[in-house]
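In: return atomic coordinates for the entry below.
(one chain, ligands or ions: 1)
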Amino acid sequence: MLHEYRPGLEGIPATQSSISHVDGKSGILEYRGIQIEDLARSSTFLESSYLLIWGGLPTQAELDVFKHEVQYHRRLKYRIRDMMKCFPESGHPMDALQACAAALGLFHSKRELNDPAYVQNAVVRLLAKIPTMVAAFELMRKGNDPVQPRDDLDYASNFLYMLNERVPDALSARIFDVCLILHAEHTINASTFSAMVTASTLTDPYAVVASAVGTLAGPLHGGANEEVIAMLEEIGSVDNVRPYIDARIANREKIMGFGHRVYKVKDPRAVILQGLVEQLFEKVGRDAYYDIALELELVVEEKLGHKGVYPNVDFYSGLVYRKLGIPSDLFTPIFAIARVAGWLAHWKEQISTNRIFRPTQIYEGLHGQRYIPIDKRPDIWDK
Ligand code: COA
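Out: Here you go, the predicted model:
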């Protein structure tokens, strides 16, 4: 039995999986054995989701059915919309999304996990409704009514349409769709592990996704892309990059958008995202933050490259979303729109070979303590 404690479970296998693979030394990411570069070049988010969740690329007929079902289920129940109206406008959209994902389970609480139709419906509903929830909260917190999904628009175009109340141009929609492909899955990261632990209790998939959304929200995970833009804002100019990095390293503070538990080279998704950023800038003009970002990458590589600290997926994604006019506190919910595909793939894999997660611990506390009645306890305020 393994008794060595590894903080963060670093390097300890938590499952056997055939969904995705990361080679952190060579900077390779594969979904079901297909390299992420090929999917980003030729696939769509819904096709890649199908691949992840059902285990293989769909035929045209299978993809058409899947797309049609997702399109059909995009609308939210009016009771969920009414619930959202009670959310505070100042609340973080990730908290709103977590509440909505959990609430969806109230409408489908039968938990027929052995029924393929239940599994299929849950997959379709979650993929379909999560973007609508994110867009609806954005409009509602601005005091507007949510925009209904449009059946003639593809997945990415429809989300951008519901968010901005205008149909995006083809390049913006394609770039956004590629961003979703890149964020769809990434082995056993914190939110996926959270999804697997929840799934292992055989609860419903809505609770699985709600717990994963809560985990993704933290700044060391999905929240980092929002913090990258805040950091670029704070730095303000290329000249400030070096003193900023020096100060953070001296204070032992992390630089957001850099470093990864697995990748010790530049994250392949950051490479693709940087290409997308440049494509977008060619069409709609360069963002001043991009020059700051390029200088940051150079200085961080010079100072921390020996520790394997390079840009991760969050470093350039914020710049793409910013150029698409998306507010920075929606960056993590957009990550969730994509990652729901990976969470659902792991949910299906987990329940197919389930054993409940129940790790052990190394107890370091006291034993044999006496219970002291409350009137005999020393008052800490008198000390
Ligand atoms: N800025 C500065 N130093 C960093 C760093 C960063 N972003 N990421 C890692 N390092 C340094 C650590 O300080 C550590 O140095 P040390 O060995 O001298 O103590 C070394 O690199 C190893 O890092 P460690 O913290 O052990 O890596 P981890 O696997 O525990 O953490 C992250 C991985 C992602 C949590 C971490 O890199 C991080 O906090 N990054 C910033 C947040 C972020 O962008 N998250 C999104 C991830 S996709």
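
In: can you name every helix or strand that the helix or strand harbouring residue 66 contacts?
Out: Counting by DSSP states H and E, the element that carries residue 66 is helix 60-72. Of the remaining helices and strands, those touching helix 60-72 by 3 or more C-beta pairs under 8 Å, 6 or more residues apart in numbering; DSSP states H and E are helix 45-54, helix 116-141, helix 155-164. Yep, even glycine has a C-beta here, placed from its N, CA and C like the rest.

In: tell me the contacts of whichever residue of the chain sits closest to the ligand?
Out: Residue nearest to the ligand within the chain (C-beta to the nearest ligand atom): residue 259, separated by 2.3 Å. Residue 259 is in contact with 304, 308, 309, 310, 312, counting by C-beta atoms under 8 Å, 6 or more residues apart in numbering.

In: would you mind measuring from the closest residue in space to the second one that isn't next to it in sequence to residue 254?
Out: Looking back up the chat, that one is residue 308. Sequence neighbours aside, residue 264 is the residue nearest to residue 308 in space, at 3.2 Å (criterion: C-beta to C-beta, 6 or more residues apart in numbering). Computed as C-beta to C-beta, to the nearest Å, the residue 264 to residue 254 distance reads 16 Å.

In: for residue 35, phi and psi?
Out: Dihedral angles of residue 35 (phi, psi; degrees, to the nearest 10) stand at phi -70, psi 140.

In: who's it bridged to?
Out: On the basis of DSSP bridges, residue 35 is bridged to residue 30.

In: thought it was touching residue 23?
Out: No. Using C-beta atoms under 8 Å, residue 35 makes no contact with residue 23, being 10.4 Å away.

In: name the residues contacting each of the two.
Out: By C-beta under 8 Å, 6+ apart, the residues touching both residue 35 and residue 23 are residue 29.

In: can you count the residues close to the residue nearest to residue 308?
Out: Using other C-beta atoms under 10 Å, residue 264 has 16 other residues around it.

In: report pLDDT for it.
Out: Looking at residue 264, its pLDDT stands at 93.

In: same question, residue 292
Out: 96.

In: tally of neighbours for it?
Out: 22.

In: give the other helices and strands that the helix or strand harbouring residue 351 contacts.
Out: Take DSSP H and E as the rule and residue 351 turns out to sit in helix 331-352. With contacts defined as 3+ C-beta pairs under 8 Å, 6+ apart, helix 331-352 has these neighbours: helix 45-54, helix 93-107, helix 116-141, helix 170-183, helix 190-199, helix 205-216, helix 224-235, helix 313-323.

In: sorry, back to before: how far away is the residue nearest to residue 308 from residue 232?
Out: Taking C-beta to C-beta, one finds residue 264 at 24 Å from residue 232.

In: ok, now residue 243?
Out: Taken as C-beta to C-beta, the span from residue 243 to residue 232 is 15 Å.

In: pick out whichever of the two has more residues nearby.
Out: More neighbours surround residue 232 than the other of residue 243 and residue 232, with 24 against 11 (other C-beta under 10 Å).

In: tell me the contacts of the nearest residue to that one once chain neighbours are set aside?
Out: In space, and not counting its chain neighbours, residue 232 is closest to residue 289: 4.4 Å by C-beta to C-beta, 6+ apart. Contacts for residue 289 were tallied using C-beta under 8 Å, 6+ apart; they are 229, 232, 233, 319, 322.

In: how about 10 Å then?
Out: Applying C-beta atoms under 10 Å, 6 or more residues apart in numbering, we find residue 289 in contact with 228-229, 231-233, 235-236, 277, 296, 318-319, 322-323.

In: turn those into TSV, columns for pLDDT and distance to the ligand.
Out: TSV is the format used below for these (pLDDT from 0 to 100; distance: C-beta to the nearest ligand atom, whole Å):
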residue	pLDDT	distance to the ligand
228	94	7
229	93	12
231	96	10
232	96	13
233	95	16
235	97	14
236	96	19
277	92	17
296	97	11
318	90	11
319	91	14
322	92	17
323	91	20
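
In: which two in the residues you listed are spaced the farthest apart?
Out: Using C-beta to C-beta, the two most remote members of the contacts of residue 289 are 236 and 277, lying 19.3 Å apart.

In: neighbour count: these two, which is higher?
Out: residue 277 (23 against 13).

In: enumerate the residues of the protein near the ligand.
Out: For the chain, the residues in contact with the ligand (C-beta under 6 Å from any ligand atom) are 8, 220, 224, 254-261, 304, 307, 309, 312-314.

In: give me the subset of these lying in helices.
Out: 224, 304, 313, 314 (DSSP state H).

In: hang on, the first one packs against residue 328?
Out: Which is residue 224. No. Contact criterion C-beta atoms under 10 Å: residue 224 and residue 328 do not qualify, at 11.6 Å.

In: joint contacts of the two?
Out: Residues touching both residue 224 and residue 328 by C-beta under 10 Å, 6+ apart: residue 318.

In: who has more neighbours, these two?
Out: Shown here are residue 224 and residue 328; by other C-beta under 10 Å, residue 224 has more neighbours (25 against 16).

In: so who does the more buried one touch?
Out: 218, 231, 254, 256-259, 312-315, 317-318, 331-332, 335.

In: and the closest residue to it other than its chain neighbours, what does it touch?
Out: Closest residue in space to residue 224, ignoring its immediate chain neighbours: residue 314 at 4.1 Å, by C-beta to C-beta, 6+ apart. Counting by C-beta under 10 Å, 6+ apart, residue 314 makes contact with 183, 219, 221-229, 256-258, 260, 267, 269-270, 273, 331-332, 335.

In: go on, residue 316?
Out: Contacts of residue 316 (C-beta under 10 Å, 6+ apart): 179, 225, 228, 257, 267, 269-278, 290, 293, 297.
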